[in-house]
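J.: this one's structure only:
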């Protein structure tokens, strides 16, 4: 397999900033609190930008900070063109983006186009009467046979329809009832969202990560979704039916092209799409003429078993289905998924870091992964996530992966002088930024070194990828650009393995020893160890 097979090489095409970038996701409630209220904020993020510079990332993606009742912690937007007071002010944002740019980084905003808050002025107008001009901005429907309009479900459990007593109709919500879905069939809705995008683009933001992009359009005929034959009682009720008419509708691609057109009115802007779909469907979001999302998020490293054979097959499949000229990307964790070190263990999390940062394409790092942070411990009386509250006991809660960043050994890990909105991880006194920055072989040191090597050697981010294979639990592949050639060996098994390696010298191991040693032929790889080898 090679980049040439996908029609893209670093040498043949002009490089765009996001192709060489590493994206770092910040969940703003949990990164740094500046005023002691226990919730992270924009001034807190600004105060930690030097940490990101030293880490070596290129772009900062910030989850929503818009005015919101916080039913879903900012993913229920009440004003698309403002900053919630809990996070700061518009002036704070202006200072933040200026500081990000001054330090040579880009700023990407999380945007929530599928639904608004039920407190957004648009929805308040829409529900005021059946003949309000904004009634059609949302999905209103009469009931059927004394029940709901159809069997569409909420991603957070239960029917996706909420009854409005005042106007005698139901409205649809893909998530909480406090998050009514916008009607993207309505041209006025589209124009209003695009105007909000331009508001932030005019302020200089470098792109958007579009929340649940594949859900925007719903079936205009409101047909019932087919039953899911594989669903079993006790699983999330959302999957009791297949989302055939509520997800990945053909018209969605028209919307994505329009969004891309808005960004293309400005120079060098990036459109990222949150899209949970099988790879053949996912890559369609690049657009037939690469006029869709430049980065439809590839979550398959999260969804695939931590197994060398399966990950090798995944790399082959993904590279094989990419449209000609499309640029790949990889995501290992985010605010909706258990943390990497909790999913696969601390040893394997180091191998995962080398995998993420040596695969072809643009990687995204979730805050704290560079420290090997694990899921937090959330007692029943500390649960804040509405997904867990709606369906307790079926593992939907996302609080554990959203706990505060651990900066130092002081009270509350240096995150806040107040009471943190979620509890700080136990053991933070021994595993935090300050401690790891002083340790030569810490996880933080490994990430910094990997990012340094990625910048220094274009083959590791822009080169071709060859010879992807797995043997005895060890994943191997080669990265090539011009005269630069590297082999990556990752032991994803739980046992020491001996495998063949090309002739060269070790540049880095994930246990951070042996650099400079000559290798060639059989090489011993410890359980969970990764080797980066410069080939002769």
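T.: Here it is on my side, so go on. Computed from a predicted model, the values in this text were never measured in an experiment. Numbering: from 1, shown residues only.
J.: From now on I want contacts and neighbour counts done on CA atoms only, so please keep to that.
T.: Fine.
J.: per the record, what domains does this protein have?
T.: For the chain, the structural domains run 3-114+187-235+242-447, 463-535, going by automatic domain parsing.
J.: What is the end-to-end distance of the shortest one?
T.: When you say that, I think you mean domain 463-535. Using CA to CA, to the nearest Å, the end-to-end distance of domain 463-535 comes to 14 Å.
J.: quick revisit: using JSON lines, please lay out the domains of the chain together with mean neighbour count.
T.: Output for these, formatted as JSON lines (neighbours: other CA atoms under 10 Å):
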{"stretch": "domain 3-114+187-235+242-447", "mean neighbour count": "19"}
{"stretch": "domain 463-535", "mean neighbour count": "20"}
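J.: closest to residue 180 out of the ones you listed?
T.: With CA to CA as the measure, domain 3-114+187-235+242-447 is the member of the domains of the chain nearest residue 180 (8.6 Å).
J.: Give me the mean pLDDT for that closest one.
T.: Taken as a whole, domain 3-114+187-235+242-447 has a mean pLDDT of 95.
J.: Check what contacts the strand ranked longest in the chain and list those residues.
T.: What stands out as the longest strand in the chain, according to DSSP state E, is strand 497-509. Strand 497-509 is contacted by residues 471-474, 487, 491, 514-527, 529-536 when judged by CA atoms under 8 Å, 6 or more residues apart in numbering.
J.: from the residues you listed, which ones fall inside strands?
T.: Using DSSP E, these in strands are 471, 474, 487, 491, 518-525, 530-535.
J.: Give me the mean pLDDT for the longest strand of the chain.
T.: pLDDT averaged over strand 497-509 gives 97.
J.: Show me how far it is from its chain's centre.
T.: Taking CA atoms, centre = their mean, to the nearest Å, the mean C-alpha location of strand 497-509 is offset from the chain mean by 32 Å.
J.: what angle do that strand and strand 530-535 make?
T.: Inter-element angle recorded for strand 497-509 and strand 530-535: 80 degrees (by axes from the mean of the first three to the mean of the last three CA atoms, to 10 degrees).
J.: Direction-wise, compare strand 497-509 with strand 518-525 and give the angle.
T.: If you take the same axes, to 10 degrees, strand 497-509 sits at 120 degrees to strand 518-525.
J.: and strand 497-509, which strands flank it?
T.: According to DSSP bridges, strand 497-509 forms sheet pairs with strand 518-525 (antiparallel), strand 530-535 (antiparallel).
J.: Give me the distance from the first one to the chain's centre.
T.: Between the centre of strand 518-525 and the centre of its host chain there is 36 Å, according to CA atoms, centre = their mean.
J.: What average pLDDT does it get?
T.: In this model, strand 518-525 has a mean pLDDT of 95.
J.: Can you tell me which helices and strands the one helix or strand residue 466 maps to packs against?
T.: Assigned by DSSP states H and E, residue 466 belongs to strand 464-471. When contacts are defined as 3 or more CA pairs under 8 Å, 6 or more residues apart in numbering; DSSP states H and E, strand 464-471 sits against helix 308-321, strand 474-481.
J.: Contacts only, for the residue nearest the centre of the chain.
T.: Residue closest to the mean C-alpha point of the chain, counted by CA atoms, centre = their mean, is residue 334 at 4.8 Å. The contact partners of residue 334, by CA under 8 Å, 6+ apart, come to 25, 365-366, 401.
J.: and if we set it to 6 Å?
T.: residue 366 (CA atoms under 6 Å, 6 or more residues apart in numbering).
J.: before we move on, what about residue 44?
T.: Neighbour list for residue 44: 32-34 [criterion: CA under 6 Å, 6+ apart].
J.: one more time with 10 Å
T.: Residue 44 sits next to 28-35, 87-88, 96, 415-416 when contact means CA atoms under 10 Å, 6 or more residues apart in numbering.
J.: same check, this time on residue 176
T.: Counting by CA under 10 Å, 6+ apart, residue 176 touches 71-72, 76, 115, 117-118, 154-158, 160-162, 386-387, 390.
J.: Among the residues you listed, which ones are in strands?
T.: 161-162.
J.: longest single helix anywhere in the chain?
T.: helix 187-202 (DSSP state H).
J.: list the helices and strands whichever helix or strand comes after that one packs on?
T.: Using DSSP H and E, the helix or strand that follows helix 187-202 in sequence is strand 207-210. Applying 3 or more CA pairs under 10 Å, 6 or more residues apart in numbering; DSSP states H and E, we find strand 207-210 packed against strand 59-62, strand 106-111, helix 187-202, helix 252-264, strand 270-273, strand 295-296.
J.: who's in contact with strand 207-210?
T.: Defining contact as CA under 10 Å, 6+ apart, one finds that strand 207-210 is touched by 18, 59, 61-63, 106-114, 197, 200-201, 256, 259, 263, 266, 268-275, 293, 295-297.
J.: mind listing what it pairs with, with the direction of each?
T.: Its sheet considered, strand 207-210 pairs with strand 106-111 (parallel), strand 270-273 (parallel) by DSSP bridges.
J.: possible to save these as CSV with distance to residue 248?
T.: Formatted as CSV, these follow (distance: least, CA to CA, whole Å):
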stretch, distance to residue 248
strand 106-111, 18
strand 270-273, 12
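J.: Out of the ones you listed, which is closest to residue 314?
T.: strand 270-273 (19.9 Å).
J.: Return the distance of the closest one from the chain's centre.
T.: How far strand 270-273 lies from its chain's middle: 11 Å, per CA atoms, centre = their mean.
J.: which residues are in contact with it?
T.: Applying CA under 10 Å, 6+ apart, the contact partners of strand 270-273 are 16-18, 108-111, 205-214, 256, 259-260, 262-264, 282, 285-286, 292-298.
J.: got the residue ranges for the helices in the stretch 351-500 of the chain?
T.: 386-390, 433-437, 443-456, 459-462 (DSSP state H, counting those that start in this stretch).
J.: Not counting its neighbours along the chain, what's nearest residue 135?
T.: residue 126 (4.1 Å; CA to CA, 6 or more residues apart in numbering).
J.: Now do the same contact list for the one you found.
T.: By CA under 10 Å, 6+ apart, the residues touching residue 126 are 118, 120, 132-140.
J.: Could you measure from the residue nearest to residue 38 when sequence neighbours are not counted over to residue 37?
T.: Excluding the flanking residues, the one nearest residue 38 by CA to CA, 6+ apart is residue 420, at 4.1 Å. Distance of residue 420 to residue 37, computed by CA to CA: 8 Å.
J.: cool, residue 361 as well?
T.: 39 Å.
J.: Please apply the same query to residue 158.
T.: 34 Å.
J.: now do residue 449
T.: From residue 449 to residue 37 the distance is 35 Å (CA to CA).
J.: likewise residue 140?
T.: Computed as CA to CA, the residue 140 to residue 37 distance reads 39 Å.
J.: Run through the residues that contact residue 340.
T.: Counted by CA under 10 Å, 6+ apart, residue 340 has contacts 302, 332-334, 346, 348-350, 352-353, 366, 369, 372-375, 401.
J.: and if we set it to 8 Å?
T.: Residue 340 is in contact with 332-333, 349, 369, 372, 374, counting by CA under 8 Å, 6+ apart.
J.: try residue 534
T.: Residue 534 makes contact with 484-487, 504-507, according to CA under 8 Å, 6+ apart.
J.: can you put the residues you listed in TSV and add distance to residue 80?
T.: Shown next, in TSV, are the contacts of residue 534 (distance: CA to CA, whole Å):
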residue	distance to residue 80
484	46
485	47
486	45
487	46
504	53
505	52
506	50
507	47
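J.: Go through these and say which is closest to residue 232.
T.: For the contacts of residue 534, the nearest to residue 232 is residue 487 (44.1 Å; CA to CA).
J.: And the pLDDT for that closest one?
T.: At residue 487, pLDDT is 98.
J.: gap between it and residue 463?
T.: Plainly put, residue 487 is 12 Å away from residue 463 if you go by CA to CA.
J.: Find the nearest non-adjacent residue to residue 448, please.
T.: Residue 448's closest residue in space is residue 55 (CA to CA, 6+ apart), at 5.2 Å.
J.: Pretty sure residue 492 sits against residue 470.
T.: No - with contact defined as CA atoms under 8 Å, residue 492 does not reach residue 470; the gap is 9.7 Å.
J.: Quick check: neighbours shared by those two?
T.: Common neighbours of residue 492 and residue 470, using CA under 8 Å, 6+ apart, are residue 308.
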